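Participant: Any chance you can model this:
(chains A and B)
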Amino acid sequence: MKHEIRVLGELGSEFERIAVAPLRRWSPLQRWRPLAVALALVLAGSAAGAATLVSEQPSAPPSATVPVPVGARPNAADVRRYDVTVTPNLGGGEVGWCLSAELNYSDGGESGTGTCGAPIKGQPIIAFASGVGYAADAPRGRPAGTSGTTTTTIAAMTTPQVAAVRVSPTLTLLTRRDPALPDNYRIAVAIHETATRGVGPHIFFPRPSRGGVPLGAIGNRIGPGRPLNWVALDRHGRTIPNRLNRAAQQHPALAPRDTAAYWQTKPTQGVGPQPKLHAPPPAACEIYTTALAGARTSFGEVVRHVHGFPTLVSKTYLSCAFTYLDYHGYGIQAAILLDAQHPGTPPGPLPDSTVVRRNPMIVNTSAGIIGGEPRYITARRVGNAWLLVQSSGPLAVRTAALTALTACVHITRAPCAVHD
Amino acid sequence: MATAGEFVGFYKRESRSVLVFFARRTLDGELALDLTAETFAQAWRGWPRVRSESAEEVRGWLFTIARRQLSGYLRRGRVERRALRQLGIVTPVLHHDDLAEIDDAAGLAELRGALAIELASLRSDQRAALQLRVVDELPYSVVAQRLGVSEATARARVSRGLRALSRALEPLVSVEEVAR
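Facilitator: Now for the predicted structure:
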């Protein structure tokens, strides 16, 4: 007799889950059903009508526009769009990836959170973001601040072995694949909006109940100052221990870094220590802006001696030079990325990047949304390194800046002589 | 109209055949699972319109979707995931023992042996990509590194190589449908 193939059983559970809901033609609203259901239930003030009971929650998509639930009260603090983005860590000397979550609200406001980390052996969660925000309503006839919305943001990028991430006794998020992520990493995302009374912030999670947890139910309050407990689980629900970090449940992602020298062109205004360097010192990686007419550099970091991190478990980048500059009113971050494991060997392709039309040597990739504006990384190879610019400016500006910038990379101690 | 409960039963009956169908044509367990998942996600979306009483007809309809998925993959070099995304379905994480299970169910070991002979007929870049991915079973990241190309290019070379070989492989891969 043929035995059952395990993964087919697991996939079948997914179809059983969606089969619980009434059959209907797919509509765009259905994509955001978990959040819409959560809002509808919470705003109705009762979870009694919950039709779908789950003990684990599928990850939400990394980015979504959230529809206004039918019958919901308009609230300036409602999340209208969120974007969870993973980008290389560009800071001088930094290694690995940064995960950022940006939320846009009905009233045009924004908030963001995120951390950076690297694929180190024994660290199942590579980068994460968590945040809680509270916004008060001004309901008619009641004092301001007596009710509002608490928004909880949870996102994590994990190694491929992580099937779920538990952040509280009542909330476990299943991870999902995403083509924009490098090395088959997985992501788990949840944005919870909960109507609350009184001032926040408090983190709300669904109450445990027999047979599962109704999505979006008004839940247990985890009071201010009580952190999430991050635990990575494998496909059998077993804990994948973090072997590096005793405080991993509170801060599950770390990254090594190379020593970098900070420089700043102008003195710091006000109190505080003054920068020792006012121009980039000679270093293993150097970015030259002289051919970029109209550019004004502000600050940056450079790695003088590159070491590399051979114990990393998958390919990632080491930023060996970073420069922030103003170019005709556009803020531009320029960086040189090396292969972090073996500097001097070709670094891997930039995740989800595409070749720029009519510029076959230049690639472009999204770097998320910052301050409500989409941001991009545009890059070209310089020897065995990437030279890149990151900016919200248009492609023409990024391409012009990238083409005019020159760079020198030398892993040995020889001085930079050849510029690409 | 077919009910949602019937779809779950339909999945349980047919998912193995669909997975084997894809595995024997792509020689890649992970890819086969992705294509299976998208095929059933598209089938789920079309399920309310299924009217037939005949199990064979419904099965034929499912394999039409599967063939369309396969040809889309061979043409584009990537798996369509639109229906999966729309339904919020999470594809399971595959581990080595799962891949071995799929290999075993689809009899991929002997097929890989047969493929090694056919490889000689391919262009050198496609042959190298198929050798590394399908015969040596290396992850795409390593294939890309060995070939000095991006992962997307490595995937495209593998899919083009499989497309080029599909005619030669067809007599071999049809076995499971006859034997079923």
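
Participant: what's the burial count for B:Lys12?
Facilitator: Neighbour count for B:Lys12, taken as other C-beta atoms under 10 Å in any protein chain shown: 15. Using the backbone N, CA and C atoms, a C-beta is placed for each residue, glycine as well.

Participant: I'd assumed A:Phe15 was in contact with it.
Facilitator: No: the pair B:Lys12 and A:Phe15 fails to qualify as a contact (C-beta atoms under 8 Å) at a distance of 9.3 Å.

Participant: Tell me the residues of the stretch 251-400 of chain A that contact chain B?
Facilitator: Within the stretch 251-400 of chain A, the residues that sit near chain B (C-beta under 8 Å from any C-beta of the partner chain) are A:Ser314, A:Lys315, A:Pro346, A:Gly348, A:Pro349.

Participant: so where do the strands sit in chain B?
Facilitator: Under the criterion DSSP state E, chain B contains no strands.

Participant: and if you look at the stretch 151-300 of chain A?
Facilitator: Secondary structure of the stretch 151-300 of chain A (DSSP state E, counting those that start in this stretch): strands at A:164-168, A:171-174, A:176-177, A:186-197, A:203-205, A:213-214, A:220-222, A:231-233, A:260-264, A:285-288, A:295-303.

Participant: and B:Arg160, which of these is closest to it?
Facilitator: Nearest of the strands of the stretch 151-300 of chain A to B:Arg160, taken as C-beta to C-beta: strand A:176-177 at 23.1 Å.

Participant: quick one, what contacts B:Gly29?
Facilitator: B:Ala23, B:Leu94, B:Asp98, B:Leu99, B:Ile102, B:Asp103, B:Ala106, B:Leu108 (C-beta atoms under 8 Å, 6 or more residues apart in numbering or on different chains).

Participant: pLDDT-wise, what's the bottom of those?
Facilitator: Among these, B:Leu94 carries the weakest pLDDT, at 73.

Participant: that older thread, quick check on the residues of the stretch 251-400 of chain A next to chain B: which are buried?
Facilitator: In those, burial by neighbour count holds for A:Ser314, A:Lys315, A:Pro346, A:Gly348, A:Pro349, counting by 16 or more other C-beta atoms under 10 Å in any protein chain shown.

Participant: any chance of the residues of the stretch 251-400 of chain A next to chain B in a markdown table, with secondary structure too?
Facilitator: Output for these, formatted as a markdown table (DSSP: H, G, I helix; E, B strand; the rest coil):
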| residue | secondary structure |
| --- | --- |
| A:Ser314 | coil |
| A:Lys315 | coil |
| A:Pro346 | coil |
| A:Gly348 | coil |
| A:Pro349 | coil |
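
Participant: Provide a list of residues in contact with B:Gln126.
Facilitator: Contacts of B:Gln126 by C-beta under 8 Å, 6+ apart are B:Arg157, B:Val158, B:Arg160, B:Gly161, B:Ala164.

Participant: if you look at those residues, which of them are in helices?
Facilitator: Under the assignment DSSP state H, these contribute B:Arg157, B:Val158, B:Arg160, B:Gly161, B:Ala164 to helices.

Participant: quick one: low-confidence ranges for chain B?
Facilitator: Applying pLDDT under 70 to chain B picks out residues B:1-2, B:167-180.

Participant: Could you give the number of residues near the residue nearest to B:Arg81 when sequence neighbours are not counted?
Facilitator: Nearest residue to B:Arg81, sequence neighbours excluded (C-beta to C-beta, 6 or more residues apart in numbering or on different chains): B:Glu38, at 5.9 Å. B:Glu38 has 24 neighbouring residues, counting by other C-beta under 10 Å.

Participant: How much space separates B:Glu38 from chain A?
Facilitator: Using C-beta to the nearest C-beta, to the nearest Å, we find B:Glu38 at a distance of 11 Å from chain A.

Participant: so what's that residue up against?
Facilitator: By C-beta under 8 Å, 6+ apart, the neighbours of B:Glu38 are B:Gln69, B:Val79, B:Glu80, B:Arg81, B:Arg82, B:Ala83, B:Leu84.

Participant: Show the buried residues in the residues you listed.
Facilitator: B:Gln69, B:Val79, B:Glu80, B:Arg81, B:Ala83, B:Leu84.

Participant: outside of stretch A:376-383, which residues touch it?
Facilitator: Contacts to stretch A:376-383, defined as C-beta under 8 Å, 6+ apart, come from residues A:87-88, A:336-337, A:346, A:350, A:353, A:356, A:361-367, A:386-392, A:395, A:398-399, A:402-403, A:407, A:409, A:420.

Participant: still on that earlier bit, Throw the ones in helices among the contacts of B:Gln126 into CSV and include distance to chain A, thanks.
Facilitator: Converted to CSV, the ones in helices among the contacts of B:Gln126 look like this (distance: C-beta to the nearest C-beta, whole Å):
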residue, distance to chain A
B:Arg157, 14
B:Val158, 16
B:Arg160, 18
B:Gly161, 20
B:Ala164, 24
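
Participant: State the pair within the buried ones among the residues of the stretch 251-400 of chain A next to chain B that is farthest apart.
Facilitator: Among those, A:Ser314 and A:Pro346 lie farthest apart (C-beta to C-beta), at 15.2 Å.

Participant: In the sheet, which strands lie alongside the helix or strand in which A:Arg380 is found, parallel or antiparallel?
Facilitator: For A:Arg380, the element it lies in under DSSP states H and E is strand A:373-381. Partners of strand A:373-381 in the sheet, by DSSP bridges, are strand A:359-370 (antiparallel), strand A:386-391 (antiparallel).

Participant: same question for that strand, mean pLDDT?
Facilitator: Averaging pLDDT along strand A:373-381 yields 93.

Participant: Just give me the lowest mean pLDDT stretch among the strands of the stretch 151-300 of chain A.
Facilitator: Of all these, the minimum mean pLDDT falls on strand A:213-214 (a mean of 34).

Participant: Briefly note if whichever strand or helix holds A:Ala64 comes near chain B.
Facilitator: Using DSSP H and E, A:Ala64 maps to strand A:63-65. No: judged by C-beta under 8 Å from any C-beta, strand A:63-65 makes no contact with chain B; its nearest approach is 10.7 Å.

Participant: any idea which helix or strand comes after that strand?
Facilitator: strand A:79-88.

Participant: Not counting sequence-adjacent ones, nearest residue to the residue positioned nearest the centre of chain A?
Facilitator: By C-alpha atoms, centre = their mean, chain A has its centre lying nearest to A:Leu99, at 2.2 Å. Excluding the flanking residues, the one nearest A:Leu99 by C-beta to C-beta, 6+ apart is A:Ala127, at 3.8 Å.

Participant: What's opposite the one you found in the beta bridge?
Facilitator: In beta-bridge terms (that is, DSSP bridges), A:Ala127 pairs with A:Met157.

Participant: Isn't it up against A:Cys98?
Facilitator: Yes: the pair A:Ala127 / A:Cys98 is scored as a contact, 6.3 Å apart, by C-beta under 8 Å.

Participant: okay, and the common contacts of the two?
Facilitator: With C-beta under 8 Å, 6+ apart, A:Ala127 and A:Cys98 have common neighbours A:Val86, A:Gly114, A:Thr115, A:Cys116.

Participant: What separation do you get for the closest residue to the last one other than its chain neighbours and B:Leu165?
Facilitator: The reference is to A:Cys116. Distances taken as C-beta to C-beta, 6+ apart put A:Cys98 closest to A:Cys116, at 4.0 Å, once the chain neighbours are dropped. A:Cys98 sits 41 Å away from B:Leu165, going by C-beta to C-beta, to the nearest Å.

Participant: got it, and A:Gly237?
Facilitator: Using C-beta to C-beta, A:Gly237 is found at 40 Å from B:Leu165.

Participant: More neighbours: those two, which one.
Facilitator: When neighbours are counted by other C-beta under 10 Å, A:Gly237 and B:Leu165 differ, and B:Leu165 comes out ahead with 21 against 11.

Participant: With adjacent residues omitted, what lies nearest to the more buried one?
Facilitator: Per C-beta to C-beta, 6+ apart, closest to B:Leu165 is B:Glu118, 5.5 Å.

Participant: Can you tell me how far that neighbour is from A:Ala255?
Facilitator: Distance of B:Glu118 to A:Ala255, given as C-beta to C-beta: 45 Å.

Participant: Sounds good, over and out.
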